[in-house]
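S.K.: no FASTA, just this:
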């Protein structure tokens with residue numbers, strides 16, 4: 001078998017591998033409900049009588065999510081958006097103080113997530129803390145399948161040019 005036929009066979013196999021990778025590639029979030037839901041609050045140390053923004057992710061899209069404080073005080077339910085997330089404002093009682101737990105429970109999936117807050121007395125001031133929002137960066141979009149395919153095609157093109165140059169010089 002000549003070198004050009006071997007090179008041609010190698011390029012065909014490489015092209016087939018790239019096509020298979022592009023065809024069967026799954027996005028990084030193909031199973032968005034495989035992880036546990038998470039919740040965050042806009043302020044971990046609010047004052048009594050103030051309000052906090054309570055947000056969650058990882059619930060079913062369109063699912064009704066029940067919000068409770070210490071599994072006793074119920075707040076109005078919210079509906080998760082198309083990505084399974086929600087945000088709602090929770091008004092804390094004026095006589096509330098100490099450590100408390102805000103819980104979100106998906107009424108369809110039964111998934112729950114809780115966040116602990118330290119409610120300061122009304123006479124004390126609380127320093128607001130920024131929310132810990134957003135999803136973890138997985139690095140899946142750093143190069144992407146398209147970038148990988150492009151690199152493989154460039155490598156194959158370079159091999160073709162080298163083979164042609166050798167054939168001309170021989």
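M.R.: Good, I have the coordinates. Just so it is clear, the structure is predicted and the values come from calculations on it, not from any experiment. Numbers count the residues shown, from 1 in each chain.
S.K.: what separates the closest residue to residue 3 other than its chain neighbours from residue 9, distance-wise?
M.R.: Once flanking residues are discounted, residue 3 sits nearest to residue 163: 6.4 Å by CB to CB, 6 or more residues apart in numbering. For glycine as for every other residue, the C-beta is placed from the backbone atoms N, C-alpha and C. In this view, residue 163 and residue 9 are 12 Å apart by CB to CB, to the nearest Å.
S.K.: now the lengthiest helix in the chain: mean pLDDT?
M.R.: Identified as the longest helix of the chain according to DSSP state H is helix 144-169. Helix 144-169 carries an average pLDDT of 76.
S.K.: Residue 151 versus the residue nearest to residue 3, what's the distance?
M.R.: 19 Å.
S.K.: Equivalent analysis for residue 25, please.
M.R.: 15 Å.
S.K.: try residue 85
M.R.: 35 Å.
S.K.: Comparing the two, which residue is more hemmed in?
M.R.: residue 85 (18 against 12; other CB atoms under 10 Å).
S.K.: follow-up on the earlier one: who's more crowded, residue 163 and residue 9?
M.R.: residue 163 (17 against 11).
S.K.: contacting residues around that one?
M.R.: If you count contacts by CB atoms under 8 Å, 6 or more residues apart in numbering, residue 163 has them with 3, 4, 7.
S.K.: OK, contacts around the first one?
M.R.: The one in question is residue 3. 163, 166, 167.
S.K.: Perfect, I'm done here.
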